[in-house]
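Colleague: got a predicted structure plus its sequence, pasted below:
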Amino acid sequence: MLKIEFEEPEYGWLPVKMTFEGVEEVFDASDVPIDPISQLEEVLNSAITGGGGEVWWNLEPAGYYLNIHAEKGLYRLKLEFSERSMKTDREIIFEKVGDFEDVVIPIWRSLRKLQSYNWSEFKVSPDSMQSITNQIKTQQKVNKQRQSDA
């Protein structure tokens, strides 16, 4: 299962630990030029509604890229690394196709936990999180209904 943990940011750098099926990546992500938490919210929101996207965890000059895309009721999750933050030289760290509970819920929980810290940097948008939470509750109801119908 995917797990993302955040530690208190310092001077525009957010310590991040991503763990997935025995693979652990630890890094400090910059909020320049783009805040990765805002990107993560947008990508998760889009994936829940059938789209997806990419989060750039900028390490200046290197970078990690977390891709999340909806695929026929499932979600493709991929983490890549690039020494120069370029698409042409990315290395896949892990890749998986999982269901709602495997992909969406762990990321949502990570964002909710980050939101509870109320740090001055790397803030979670209350409006965005409310939208994501509402969509998750709706999807969980649909999933429960499907299980009871089966």
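Modeller: The structure has been received and is ready for your questions. Numbers count the residues shown, from 1 in each chain.
Colleague: counting residues, name the longest helix you see in the chain.
Modeller: For the chain, the helix with the greatest residue count under DSSP state H is helix 126-149.
Colleague: for it, which positions count as buried?
Modeller: Ser128, Met129, Ile132, Gln135, Ile136 (16 or more other CB atoms under 10 Å). Placement of C-beta: from N, CA and C, glycine included.
Colleague: could you dump these into CSV with distance to Ile48 added?
Modeller: Rendered in CSV, the data for the buried residues of helix 126-149 read as follows (distance: CB to CB, whole Å):
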residue, distance to Ile48
Ser128, 12
Met129, 12
Ile132, 7
Gln135, 5
Ile136, 7
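Colleague: pick the one among the residues you listed closest to Glu8.
Modeller: Distances from the buried residues of helix 126-149 to Glu8 were compared by CB to CB; the smallest belongs to Met129, at 19.2 Å.
Colleague: what about the nearest residue to Leu79 once chain neighbours are set aside, helix or strand, and which?
Modeller: Residue nearest to Leu79 in three dimensions, not counting chain neighbours: Ile93, with 4.4 Å by CB to CB, 6 or more residues apart in numbering. When secondary structure is defined using DSSP states H and E, the element that contains Ile93 is strand 91-98.
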